[in-house]
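In: Fold the following and give me the result.
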Amino acid sequence: MHPYADLLDIAQKAALEAGELLKEGFGTSFRIDNKEGRHNLVTEFDHKAENLIISRIKSTFPDHIFLAEESGATGSPAETVRWIIDPLDGTVNFAHSIPIFCVSIGAEKAGELLCGVIYAPMTGELFTGTKGGGAFLNGQQIFVSKTEKLDDSILVTGFPYNAWENPLHCIDHFSRFVRMGLPVRRLGSAAIDLAYLAAGRFDGYWEVSLNSWDVAAGKLLLQEAGGMMTQYDGAPHDLHKGTMLATNGRIHKEMSGVLSEG
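Out: Sure, this is the predicted structure:
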């Protein structure tokens, strides 16, 4: 049995159950509130799904701690497993009845990612992975693409809620890639972007101002699928701060060069 199989098992169960809750709520009437920043929405289903996930994990691992988008952090991450949770990644899509959103659950200990689960309930796609155990989509192992050149790539990105301020040149970078003639997508869910990258659907992904709950599960999946994640300049990626460049590894240096131009 894989050493992190017990973590993956409860993460899968929690993600599937939360995903069904979101699916039931999709397209119905529900309360929508604004958090800090324009169009930074939260719905009652964000809270319901998060409470469900934490409750399910606590029932199996009562001593574990959490870092979740809506309820924040509990405990010190130095001693035990910490679960990093985005109960509804793609809230703006969900709130506008756009069926591109997911549940994202990652587990880490002492800064090392152990497992990750991303579940997109509207497509029924369950992405799973464990450290050293590979990445999978609905039980079938997945790998990053084999695209060798940036010119042949399809990219994905996202924008922060203060994009009009052009933080860290995010608009300039988008324009630069588009002017290179590259297809660039913007799905509205960082976790789905990373899952698709791990599955070889995208070749590269960059974004600023992401939070750890946006990235944790996807980073584990990407690494297990053979991909690479760093900061824009190639420095080691920090889950809790900095820029993010994620690729199939083959186009990483080229993309880093474009993003490092400022």
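In: Buried residues of stretch 52-59, list them for me.
Out: L52, I53, I54, R56, I57 (16 or more other C-beta atoms under 10 Å). Using the backbone N, CA and C atoms, a C-beta is placed for each residue, glycine as well.
In: out of the residues you listed, which are inside helices?
Out: If you go by DSSP state H, the buried residues of stretch 52-59 have L52, I53, I54, R56, I57 in helices.
In: Closest one to A15 out of the residues you listed, please.
Out: I53 (7.4 Å; C-beta to C-beta).
In: Check for me that P160 belongs to a strand.
Out: No - going by DSSP: H, G, I helix; E, B strand; the rest coil, the assignment for P160 is coil, not a strand.
In: Not counting sequence-adjacent ones, nearest residue to it?
Out: What sits nearest to P160 in space, not counting adjacent residues and going by C-beta to C-beta, 6 or more residues apart in numbering, is S209, at 3.8 Å.
In: all helices for the protein, in order.
Out: Here the chain has its helices, by DSSP H, at 5-25, 44-60, 91-95, 170-179, 190-198, 212-224, 252-259.
In: For the residue nearest the centre of the chain, list the residues it contacts.
Out: The centre of the chain sits closest to A191, judged by C-alpha atoms, centre = their mean, with a distance of 2.3 Å. By C-beta atoms under 8 Å, 6 or more residues apart in numbering, the contact list for A191 reads D86, D89, G90, C102, S104, I118, D214, V215, A217, G218.
In: returning to that earlier point: farthest-apart pair in the ones in helices among the buried residues of stretch 52-59, please.
Out: Checking these with C-beta to C-beta, the most distant pair is L52 and I57, at 9.8 Å.
In: Quickly list what's touching both of the two.
Out: By C-beta under 8 Å, 6+ apart, L52 and I57 have these common neighbours: A14.
In: possible to save the ones in helices among the buried residues of stretch 52-59 as CSV with pLDDT and distance to E112?
Out: Converted to CSV, those look like this (pLDDT from 0 to 100; distance: C-beta to C-beta, whole Å):
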residue, pLDDT, distance to E112
L52, 96, 26
I53, 97, 21
I54, 96, 21
R56, 97, 23
I57, 97, 18
